[in-house]
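> A predicted structure for the sequence below; I have some questions about it.
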Amino acid sequence: MVDKLSIKPGDAVAFAGDLDNGLRERVLAQAGRPAAEADERLDVVLVAVDDGTDAVATLARWKARLEPAGGVWLLTPKRGRLGYVDQRDLIAVELATGLVDNRGCSVADVTSAMRFVIRKADRPPGG
């Protein structure tokens, strides 16, 4: 499952929201390092969100800390679960954030994930 999230050794990873501790442990084991420091640039962000989350504000907050090729994974309850977020609604926030979705996956029986990245055209040269 951690492979689905594209976690690589050495990645600076940050977490937000109510995430399963087992997921955190597996991600950090794959990265081979502790969670990122508060002022560190990030390769991967895992954020638990639900239907009450302001997706635009959440993505904007984390975009500011992303490495050019980094990504923000929004983890949402699956359809039929309390707090479900329709992924079409998440795609709709792209224009407001300057991020694009480029991958989705199932993280657990009750959780889906969608990754948002900085558009290649908006990345600095070499990024």
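Looks like it came in fine. Quantities reported herein were computed from a predicted structural model and do not represent experimental measurements.
> only C-alpha atoms for contact and neighbour calcs from this point on.
Fine.
> centre-most residue in the protein?
Taking Cα atoms, centre = their mean, the centroid of the chain lies closest to residue 73, which sits 1.6 Å from it.
> what pairs with the helix or strand encompassing it, and is each one parallel or antiparallel?
Element membership of residue 73, judged by DSSP states H and E, is strand 66-77. When sheet partners are counted by DSSP bridges, strand 66-77 sits next to strand 42-48 (parallel), strand 111-118 (antiparallel).
> contacts only, for residue 45.
Going by Cα atoms under 8 Å, 6 or more residues apart in numbering, residue 45 touches 13-16, 62, 71-73.
> hmm, which of those are the buried ones?
Neighbour counting with 16 or more other Cα atoms under 10 Å marks 13-15, 62, 71-73 as buried within those.
> give me the beta-bridge partners of the closest residue to the residue nearest to the centre of the chain other than its chain neighbours?
Nearest residue to residue 73 in three dimensions, chain neighbours excluded: residue 115, at 4.2 Å (Cα to Cα, 6 or more residues apart in numbering). Beta bridges link residue 115 to residue 73, residue 103 when assigned by DSSP bridges.
> give me the neighbour count for the residue found closest to residue 43 once you drop the neighbours it is linked to in the chain.
The spatial neighbour of residue 43 that comes closest, neighbours along the chain excluded (Cα to Cα, 6+ apart), is residue 70 at 4.2 Å. Using other Cα atoms under 10 Å, residue 70 has 22 other residues around it.
> any idea how far residue 120 is from residue 70?
11 Å (Cα to Cα, to the nearest Å).
> then residue 91?
Between residue 91 and residue 120 the computed distance is 17 Å (Cα to Cα).
> those two: which has the busier surroundings?
Regarding residue 91 and residue 120, a neighbour count based on other Cα under 10 Å identifies residue 91 as having more, with 16 against 13.
> next, the more buried one: phi, psi?
Phi and psi for residue 91, reported as degrees, to the nearest 10, are phi -60, psi -30.
> now the protein, which segments are flagged as low pLDDT?
For the chain, the stretches flagged by pLDDT under 70 are 126-127.
> for it, longest helix please?
helix 21-31 (DSSP state H).
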